[in-house]
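Asker: After the sequence you'll find the predicted model.
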Amino acid sequence: MAGVGNKLVGSIQGSVKPVEFHDKSVRVGYVLGLRVVPSYRRRGIGSILVRKLEEWFESHNADYAYMATEKDNEASHGLFIGRLGYVVFRNPAILVNPVNPGRGLKLPSDIGIRKLKVILLHIALVLNSHCVIYILKINHTTIRKLKWSW
């Protein structure tokens, strides 16, 4: 997350998972969401958030970073293709499925579904005029704080 003073101005999410690609297993880091408050765009905040997420991908042995965007999202294309060097990989089909309970699907009795405990990983990026502070939190507990001044 990126903040200016006490104000949240940006956030990013990602995950790493193994994928089979041309009979080879690779680890792909997925950029799942990048958001910057409109009045704070075009100041480099999105680029910094993506680069920090890419560093996290690298620390988790990802071979590639991947993100999907709309074909007509010029700002996203400008950032990822123009500034960050991403290339168009493919144009995926978007699939949807209704998830309302009225669909009447029943699981066989020998299959169960249970909710797993969620572990939250939170990396905060706080920007001000003198320093950047990275805060790593797991399940709301601060693990590490790093400060970088310029």
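Answerer: Structure received. This is a predicted model, so every value here is computed, not measured. Residues are numbered from 1 along each chain as shown.

Asker: Only C-alpha atoms from now on, for both contacts and neighbour counts.
Answerer: Noted.

Asker: what residue ranges in this structure score low on pLDDT?
Answerer: 92-94, 96-107, 113-150 (pLDDT under 70).

Asker: for it, longest strand please?
Answerer: Using DSSP state E, we find that the single longest strand of the chain is strand 7-21.

Asker: What strands line up against that strand, and which way round?
Answerer: strand 2-4 (antiparallel), strand 24-36 (antiparallel) (DSSP bridges).

Asker: quick one: contacts of it?
Answerer: Here strand 7-21 makes contact (CA atoms under 8 Å, 6 or more residues apart in numbering) with 1-3, 25-37, 40, 45-46, 49-50, 53, 57, 60, 62.

Asker: buried subset of these?
Answerer: Among the contacts of strand 7-21, those scoring as buried are 1-3, 26-31, 34-36, 45-46, 49-50, 53, 57, 62 (criterion: 16 or more other CA atoms under 10 Å).

Asker: which other helices and strands contact the longest helix seen in the chain?
Answerer: In the chain, with assignment by DSSP state H, the single longest helix is helix 45-59. With contacts defined as 3 or more CA pairs under 8 Å, 6 or more residues apart in numbering; DSSP states H and E, helix 45-59 has these neighbours: strand 7-21, strand 24-36.

Asker: Please name the residues that touch Ser76.
Answerer: Going by CA under 8 Å, 6+ apart, the list of residues near Ser76 reads Thr69.

Asker: Run a quick neighbour tally on the closest residue to Leu84 other than its chain neighbours.
Answerer: In space, and not counting its chain neighbours, Leu84 is closest to Ser47: 7.4 Å by CA to CA, 6 or more residues apart in numbering. Neighbours of Ser47 under the rule other CA atoms under 10 Å: 16.

Asker: Cool, thanks, signing off.
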